[in-house]
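> generate coordinates for the sequence data below:
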Amino acid sequence: MKAALAQLIRTLNARGWSPATSTNYSFIDEQQQCWVSRSGVNKADFTEHDLISIDEKGLGTGLFQGIKPSDETQIHLWIYKNFPDAKVVLHSHGKFPVLISQFNEHLFAVQGYELQKGFKGCKSHLDNLEIPIIENQQDMVVLCQALDERLAEVQHHCFIIAGHGTYAWGDNLFEAQRHLETLDYLCECEFLL
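Residues are numbered from 1 along each chain as shown. I've put the predicted structure just below:
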């Protein structure tokens with residue numbers, strides 16, 4: 001999993017979705033150990049050695065004690081806590097979701113696209129989807145409290161942080177990537193309209 005996730009991170013960087021040292025990623029392994037991207041690593045050069053194990057508080061464990069995980073590790077832990085089937089979390093700075101969040105205050109509503117069936121559980125292009133847009137915060141405790149308040153609205157394995165980027169997850173790497181790409185595609189289509 002580490003090598004596959006590292007390759008995907010480099011791919012997302014090449015797409016412009018993960019510029020410089022921005023964005024963060026995590027997964028839970030077969031032993032239920034959580035691994036998260038290390039802070040300050042250029043994603044064009046990301047390797048499997050840049051994933052560190054963390055405890056339930058988001059602190060490095062074992063060989064990684066004292067190594068700084070991503071600043072937004074608490075968001076990953078919030079997702080794993082509230083969506084127990086999640087095993088991989090991807091955070092992107094794709095341009096179109098960021099732009100969509102500048103024109104929509106609380107949610108991104110979309111309907112009529114075949115590709116929206118890329119979201120697990122969406123059966124028809126006629127389904128009316130609403131993706132929450134959460135106000136950006138530098139304080140992760142405050143941001144997670146805002147997520148708590150809107151938990152019932154998070155129904156499609158993703159959300160947008162206003163002016164910041166997206167979080168998407170799944171029960172494996174393929175599903176998490178599909179959710180991330182689906183959201184980005186829908187945001188691009190709606191923005192270009």
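> quick one, helices of this protein?
2-15, 73-82, 95-103, 140-149, 173-192 (DSSP state H).
> contacting residues for the residue nearest the centre of the chain?
Centroid-nearest residue in the chain: Tyr167, 2.3 Å away (criterion: CA atoms, centre = their mean). Counting by CB atoms under 8 Å, 6 or more residues apart in numbering, Tyr167 touches 75, 79, 89-91, 158-159, 161. Backbone N, C-alpha and C define where each C-beta goes, glycine included.
> TSV for those, including neighbour count and distance to Leu180?
Formatted as TSV, those follow (neighbours: other CB atoms under 10 Å; distance: CB to CB, whole Å):
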residue	neighbour count	distance to Leu180
Ile75	23	14
Ile79	23	13
Val89	27	10
Leu90	28	5
His91	26	9
Cys158	25	7
Phe159	24	12
Ile161	24	14
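> pick the one among those closest to Ile28.
Val89 (9.1 Å; CB to CB).
> if we can go back for a sec, among the helices of the chain, which is nearest Gly60?
Of the helices of the chain, nearest to Gly60 by CB to CB is helix 73-82, at 9.8 Å.
> residues in contact with that closest one?
Applying CB under 8 Å, 6+ apart, the contact partners of helix 73-82 are 24, 26, 28, 34, 36, 54, 56, 58, 70, 86, 89, 91, 140-141, 143-144, 147-148, 151, 154, 167, 169.
> give me the buried entries from those residues.
24, 26, 28, 34, 36, 54, 58, 70, 86, 89, 91, 140, 143-144, 147, 154, 167, 169 (16 or more other CB atoms under 10 Å).
> so which of the helices of the chain gets nearest Lys117?
Smallest distance to Lys117 across the helices of the chain (CB to CB): 8.4 Å, for helix 173-192.
> against which helices or strands is that closest one packed?
helix 2-15, strand 88-92, helix 95-103, strand 107-110, strand 158-161, strand 165-170 (3 or more CB pairs under 8 Å, 6 or more residues apart in numbering; DSSP states H and E).
> since that was my last question, I'll sign off now.
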